[in-house]
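any chance you can model this:
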Amino acid sequence: MHLDNNVTEFILLGLTQDPVRKKIIFVTFLLFYLATLLGNLLIIATIKTSRVLVSPMYYFLFYLSLSDSGFSTSIAPRMIVDALMKKATISFSECMIQVFSSHFFGCMEIFILIIMAVDRYVAICKPLRYTTIMSRKVCGALVAVAWVGSCMHSSAQLFLALSLPFCGPNVIDHYFCDLQPLFKLACTDTYVINLLLVSNSGAICTVSFVMLMFSYVIILHSLRNHSAEGRRKALSTCISHITVVVLFFVPCIFIYTRPATTFPMDKMIAVFYTIGTPLLNPLIYTLRNAEVKNAMRKLWSKKMMSDD
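Modelled structure (predicted):
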């Protein structure tokens, strides 16, 4: 850590400084966050307790909901509380924790989405060998790789943040601690560090997005040989996955793959993948999935019966 670091806290400007708008933001995002937690925890509970949802797809969906809950929790609660403050401050160490946790869960989500695409590819293109390829052992190993990869990625981001010297202004024009807004405050030339960021976060986002889109093209192409019913079912699953992927990756790529400039609209775009995607994932994956809905009903009716 740098010795010329005399900044002990940062001031977060949030999405707006307007007192009326801040109240609207407080109510809106509190509702969004509660809905996100409720939706994702409901999926986690349903998959954990259901005897029907045992296929690899649900095993990965469990971890997607877990990373969504974590990702949302690393950003939303702070933003909601800050909306009530006249001046929102965050200590240096809390800021670093937020950099680490948001990148950890965000990266985890990316890896899980890739694994889910692989799972769909095997299910649709190699149906006869599906159970042997996607064995319990393989699924466990894939998730373990996702955990380790996310940890490596977020540690690298944290290292970049800690290597910056802060000696002057401490006002972050954002609603959470991320590297781009921090770069603007560093009293050093951040060109090289920004290149490292683009080659890390930017590359992860872009390469993953291209891989995912490519895999879905292959999947959709192979659907021609399926029956109408099989096609409809597979299409329904794939379209929901593609929706999530586009909503999450497009804003990410926009923010992490360009030179060191920040735009006023960055904050609004960040809302998409930090608040929007974790909220939409449970909706997209469950409302389009009859098995999950049935399992949730069973879980609910069991709870009702036990309450009686």
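
could you use CA atoms for every contact and neighbour count after this?
Noted.

quick check: which element contains the residue nearest the centre of the chain?
In the chain, the centroid-proximal residue (CA atoms, centre = their mean) is Gly106; its distance is 3.9 Å. Assignment of secondary structure by DSSP states H and E places Gly106 within helix 92-125.

and the next element down the chain from that helix?
helix 130-133.

residue contacts, Cys139?
By CA atoms under 8 Å, 6 or more residues apart in numbering, the residues touching Cys139 are 56, 59.

now do the SS call for it.
Secondary structure, DSSP: H, G, I helix; E, B strand; the rest coil: Cys139 is helix.

do you know how far it is from Ile133?
For Cys139, the distance to Ile133 (CA to CA, to the nearest Å) stands at 9 Å.

one more: Phe10?
For Phe10, the distance to Ile133 - CA to CA - is 49 Å.

more neighbours, those two?
Comparing Phe10 with Ile133 by other CA atoms under 10 Å, the one with more neighbours is Phe10, at 20 against 16.

does that one touch Glu94 like I think?
No - using CA atoms under 8 Å as the test, Phe10 is too far from Glu94 to be in contact (9.7 Å).

contacting residues around Asn200?
By CA under 8 Å, 6+ apart, the contact set of Asn200 is His153.

ditto for Ile124
Ile124 touches 219, 222-223, 234, counting by CA under 8 Å, 6+ apart.

strands of the chain, residue ranges please.
Using DSSP state E, the strands of the chain run over residues 9-12, 88-91, 171-172.

highest average neighbour count across those strands?
strand 171-172 (a mean of 20; mean count of other CA atoms under 10 Å).

packing partners of that one?
Secondary-structure packing of strand 171-172 (3 or more CA pairs under 8 Å, 6 or more residues apart in numbering; DSSP states H and E): strand 9-12, helix 179-185.

quick one: contacts of it?
Residues from elsewhere that reach strand 171-172, judged by CA under 8 Å, 6+ apart: 10-13, 181-182, 185.

quick one: strands adjacent to it?
Using DSSP bridges, strand 171-172 pairs in its sheet with strand 9-12 (parallel).

tell me which residues are up against the partner strand.
In contact with strand 9-12 (CA under 8 Å, 6+ apart) are residues 87-92, 95, 170-176.

cutoff 6 Å now
88-92, 170-172, 175 (CA atoms under 6 Å, 6 or more residues apart in numbering).

so what's Lys233 up against?
With CA under 6 Å, 6+ apart, Lys233 has no contacts at all.

for it, give me the pLDDT.
Lys233 carries a pLDDT value of 76.

distance of it relative to Ser72?
Applying CA to CA to Lys233 and Ser72 gives a distance of 30 Å.

so how many other residues sit close to the nearest residue to Ile80 once chain neighbours are set aside?
The shortest distance from Ile80 to any non-neighbouring residue, by CA to CA, 6 or more residues apart in numbering, is to Phe26 (5.2 Å). Phe26 has 19 neighbours, counted by other CA under 10 Å.

Phe26 reaches Met79, doesn't it?
No - between Phe26 and Met79 there is no contact under CA atoms under 6 Å: 8.1 Å.

which of the helices and strands packed on strand 171-172 comes out lowest on mean pLDDT?
helix 179-185 (a mean of 86).

and it, what does it pack onto?
Using 3 or more CA pairs under 6 Å, 6 or more residues apart in numbering; DSSP states H and E as the contact test, no helix or strand touches helix 179-185.

got the CA coordinates for that helix in CSV?
Extracted C-alpha coordinates of helix 179-185, given in CSV (Å, rounded to 0.1, in the frame of the first residue of the first chain):
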residue,chain,number,x,y,z
LEU,A,179,-12.1,0.8,-10.3
GLN,A,180,-13.0,3.4,-13.0
PRO,A,181,-14.3,6.1,-10.6
LEU,A,182,-11.3,5.3,-8.3
PHE,A,183,-8.9,5.8,-11.2
LYS,A,184,-10.2,9.4,-11.6
LEU,A,185,-9.2,10.2,-8.0
